[in-house]
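> any chance you could fold what I've pasted below:
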Amino acid sequence: MVASVTKAQYAVYVGALLAEINMSICLLHYVLCSYIGDFEEFDRDQNGALCENELRGILRKQLGREMKADEFISYMKKTDLNEVGRISFHEYLNSVQYPPTHPPPNSRCFSFFS
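Model prediction:
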């Protein structure tokens, strides 16, 4: 059985949904700007990638502590996808969005077809 919805009810529902979407976009924008700001702050030579010292600085700021040597090595292995010894903004953003314990949402779908 399908419930009937009036135009007014539909308009209220769509209005609430759009407000939620707008709030999510604003939050995403704020978070992304925060990541960009942190990256630019620590990319001291402004080459678009973080060397080891720059990376240790940004991680210290975000973690509130110095990263242990074995943690840092593990982080680099999982984050430095092109294995050049520097972390690009894209690699950095992936590491903060999808830490190793929380893979991207659709990763199970893709692994099914591999």
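> okay, now the unreliable bits of this protein?
For the chain, the stretches flagged by pLDDT under 70 are 1-2, 98-114.
> centroid residue for it?
The centre of the chain sits closest to residue 97, judged by C-alpha atoms, centre = their mean, with a distance of 2.5 Å.
> okay, now the closest residue to residue 49 other than its chain neighbours: neighbour count?
Spatial nearest neighbour of residue 49, chain neighbours left out: residue 86 (3.9 Å); criterion: C-beta to C-beta, 6 or more residues apart in numbering. Where C-beta positions appear, they are placed from N, C-alpha and C, glycine not excepted. Around residue 86 there are 18 other residues, counting by other C-beta atoms under 10 Å.
> got it, and residue 87?
27.
> how about the strands in this structure?
49-50, 87-88 (DSSP state E).
> neighbouring strands - and their directions - for the first one?
Spelled out, that is strand 49-50. strand 87-88 (antiparallel) (DSSP bridges).
> and the partner strand, how far from the chain's centre?
13 Å (C-alpha atoms, centre = their mean, to the nearest Å).
> kindly report the same for stretch 45-58.
With C-alpha atoms, centre = their mean, you get 17 Å for stretch 45-58.
> list the buried residues of it.
In terms of neighbour count (16 or more other C-beta atoms under 10 Å), stretch 45-58 has its buried residues at 49, 50, 54, 55, 57, 58.
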